[in-house]
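*Asks:* no FASTA, just this:
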């Protein structure tokens, strides 16, 4: 009985993280991180997921290195964090619907307070990931070259 409950729990958590992560790729939030977490959980149940975890992790690391490689990319990432915090505060404060708003009331700041808190929390998570990426990859061509070698090796093995 325990193994069946564990299996169902892992599948529900894994698929939820994977679907939410895919949605967060286009919405504010740590999408790639959630996709990776979902695949990591699903890899405990499925061989196909296990085969994809390492290549996905390496691609996420490459994206992290790319995002801090140039000053303009770093600034854009930090502006994205500030943007998420700003919109999160707007959602939390929930200003009155303006007179120019022509859509139905339910479309004004959908999600309410919870959406605002989620945006602010996502901003903090994004900032932590930017700082980590900067410390690990910025100006360290050896770390980036090693990462590229790992990706090439993983691609050859697949």
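*Replies:* That came in fine, so what should we check first? The structure displayed is predicted, hence computed values, not measured ones.
*Asks:* alpha carbons only for contacts and neighbour counts from here, please
*Replies:* Will do.
*Asks:* Per-residue pLDDT of the closest residue to residue 118 other than its chain neighbours, please?
*Replies:* In this structure, residue 118 finds its nearest non-sequential neighbour in residue 88, 7.3 Å apart by Cα to Cα, 6 or more residues apart in numbering. We have a pLDDT of 95 for residue 88.
*Asks:* Now name the helix or strand holding residue 88.
*Replies:* Secondary structure assigned from DSSP states H and E places residue 88 in helix 71-93.
*Asks:* For that helix, which residues meet the burial criterion?
*Replies:* By 16 or more other Cα atoms under 10 Å, the buried positions in helix 71-93 come out as 74, 77-78, 80-89, 91-92.
*Asks:* who touches that helix?
*Replies:* With contacts defined as Cα atoms under 8 Å, 6 or more residues apart in numbering, helix 71-93 is touched by 28, 67-68, 109, 112-120, 122-124, 126-127, 130.
*Asks:* One more: stretch 128-135?
*Replies:* Residues outside stretch 128-135 that contact it (Cα under 8 Å, 6+ apart): 64, 65, 68, 74, 77, 78.
*Asks:* Quick check: the farthest pair among the residues you listed?
*Replies:* Distances among the contacts of stretch 128-135 were taken as Cα to Cα; the most separated pair is 65 and 78, at 14.6 Å.
*Asks:* what's the spacing between residue 109 and residue 14?
*Replies:* Relative to residue 14, residue 109 is positioned 29 Å away (criterion: Cα to Cα, to the nearest Å).
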